[in-house]
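# this is a predicted model, with the sequence first.
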Amino acid sequence: MARIKIEGMSCGHCVKAVTDALNKMPGVSGVQVSLESGHADIDAGEDLDMAAVKKAVEDAGYKVIE
């Protein structure tokens with residue numbers, strides 16, 4: 001599991017946008033996004049491309065900060 005911190009989410013729509021973007025990635029089997037903490041937990045294989053994760057989040061309109 002990978003955990004990332006996301007900046008810019010402010011509502012349920014934001015959570016859905018990030019969740020949908022990450023769930024579309026190859027190898028991702030599940031995503032839990034928390035608006036309160038600003039974290040996303042990503043269930044995926046060991047070959048998860050973190051650069052691709054960052055790009056998917058940014059393409060959805062948000063920023064990965066850790």
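Thanks, I have the structure now.

# list the buried ones in the helix ranked longest in the chain?
When the chain is parsed with DSSP state H, its longest helix is helix 12-23. By neighbour count with 16 or more other CB atoms under 10 Å, helix 12-23 contains the buried residues 14-15, 17-19, 21-22. Glycine gets a C-beta too; all of them are placed from N, C-alpha and C.

# avg pLDDT for it?
Average pLDDT, helix 12-23: 98.

# count of residues packed around K54?
Neighbour count for K54, taken as other CB atoms under 10 Å: 14.

# checking my notes, it in a helix, right?
Yes. Checked against DSSP: H, G, I helix; E, B strand; the rest coil, K54 lies within a helix.

# check the offset of stretch 26-39 from the chain's centre.
On the basis of CA atoms, centre = their mean, to the nearest Å, stretch 26-39 sits 5 Å off its chain's mean C-alpha point.

# output that stretch as CSV, nothing but the C-alphas.
Below are the C-alpha coordinates for stretch 26-39, written out as CSV (Å, rounded to 0.1, in the frame of the first residue of the first chain):
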residue,chain,number,x,y,z
PRO,A,26,-3.1,-0.1,-14.1
GLY,A,27,-2.4,-2.3,-11.1
VAL,A,28,-4.5,-0.4,-8.6
SER,A,29,-6.9,-2.6,-6.8
GLY,A,30,-8.3,-0.1,-4.4
VAL,A,31,-8.2,3.5,-3.2
GLN,A,32,-9.3,5.2,0.0
VAL,A,33,-9.2,9.0,0.0
SER,A,34,-9.7,11.0,3.2
LEU,A,35,-10.9,14.6,2.9
GLU,A,36,-10.2,15.2,6.6
SER,A,37,-6.5,14.1,6.5
GLY,A,38,-5.8,14.9,2.9
HIS,A,39,-4.3,11.4,2.4
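
# residues in contact with the nearest residue to A2 once chain neighbours are set aside?
Nearest residue to A2, sequence neighbours excluded (CB to CB, 6 or more residues apart in numbering): I42, at 4.6 Å. The contact partners of I42, taken as CB atoms under 8 Å, 6 or more residues apart in numbering, are 1-4, 22, 28, 30-31, 48, 53.
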